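A.B. asks: quick one: sequence and predicted model below, then my questions.
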Amino acid sequence: MAVQVGSDVVIDDNKNLTNIAGADGRYDSFYPNVSAPTTTGTLNISMDVPMYNLVMTGTTAFTVTDKGLGKTNIVLIDTATAPHSVSFDTNVKWAGDTEPTWTDHRFWTVGLVSWDTTTVRATASGFDS
């Protein structure tokens, strides 16, 4: 049995989501499309892109763009075997006002939450395998 909102079918008889008019974001089957850009030099992390998977090929400085209240982003970072240095712009605020020591671990999961149009709050967890 299809699910309707007004006269619009939202979920069809095969349980497929068919109409979410007005929804914002770029998702496919309810998981984010992952961006995997080259990561040497400088890279803009857009808060309009929900997830990045970055394998670093050199030292990289990240600038967070497209900030807006409530926007979130996950950044997966592999600093590679070197490891390469990472830095984020000054609008990214870390717990205790201390950016992680990126060379402590090879793999990182970074969570970004846009607090407003200027400030981004960040957390990071590092792993070695």
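C.D. replies: Everything's here; your move.
A.B. asks: okay, now the closest residue to residue 13 other than its chain neighbours: neighbour count?
C.D. replies: The spatially closest residue to residue 13, leaving aside those adjacent along the chain, is residue 2, at 5.2 Å (CB to CB, 6 or more residues apart in numbering). Using the backbone N, CA and C atoms, a C-beta is placed for each residue, glycine as well. When neighbours are counted by other CB atoms under 10 Å, residue 2 registers 12.
A.B. asks: who are the contact partners of residue 2?
C.D. replies: By CB atoms under 8 Å, 6 or more residues apart in numbering, residue 2 lies in contact with 9, 11, 12, 13.
A.B. asks: and for residue 82?
C.D. replies: residue 56.
A.B. asks: same thing with residue 3?
C.D. replies: When contacts are counted by CB under 8 Å, 6+ apart, residue 3 is found next to 9, 10, 11.
A.B. asks: go again with 6 Å.
C.D. replies: With contacts taken as CB atoms under 6 Å, 6 or more residues apart in numbering, residue 3 has the following neighbours: 10, 11.
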